[in-house]
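A.B. asks: here are the coordinates; sequence isn't available:
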């Protein structure tokens, strides 16, 4: 049996609501083992949180971050 995380998934996210301030782009999700620690490392290295933590329908939690040069991505911690 395949786990939820062994299947590639793609989706479309509209620039509405909490996503309205995100730039138009392809958005990668980086899977992390420790969400809170990863957010702390991001902020300690002068990155910022663009959209606070959200839950992803029982699959895990994620947030959008930006590095000091302006690149945006998402951090994702799967629910195990």
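C.D. replies: In hand now; what should we look at? Only a predicted model underlies this, so the values are computations on that prediction, with no experimental measurement involved. Numbering: from 1, shown residues only.

A.B. asks: For residue 13, see how far away residue 31 is.
C.D. replies: As for residue 31, its distance to residue 13 is 18 Å (criterion: CB to CB, to the nearest Å). Backbone N, C-alpha and C define where each C-beta goes, glycine included.

A.B. asks: So which of the two has more stuff around it?
C.D. replies: Of the pair residue 31 and residue 13, residue 31 is the one with more neighbours under other CB atoms under 10 Å, namely 13 against 10.

A.B. asks: Who does that one form a beta bridge with?
C.D. replies: residue 76 (DSSP bridges).

A.B. asks: how close does it sit to residue 53?
C.D. replies: 15 Å.

A.B. asks: Residue 73 too?
C.D. replies: Per CB to CB, residue 73 is found 15 Å from residue 53.

A.B. asks: who's more crowded, these two?
C.D. replies: More crowded of residue 73 and residue 53, by other CB under 10 Å: residue 73, with 18 against 14.

A.B. asks: Can you read off the pLDDT for that one?
C.D. replies: For residue 73, the model assigns a pLDDT of 92.

A.B. asks: list the buried ones in stretch 29-49?
C.D. replies: For stretch 29-49, burial by neighbour count (16 or more other CB atoms under 10 Å) applies to 32, 35, 38-39, 42, 47.

A.B. asks: and if you look at stretch 58-74?
C.D. replies: In stretch 58-74, counting by 16+ other CB under 10 Å, buried: 60, 62-66, 72-74.

A.B. asks: Return the subset of the residues you listed lying in strands.
C.D. replies: 60, 62-66, 72-74 (DSSP state E).
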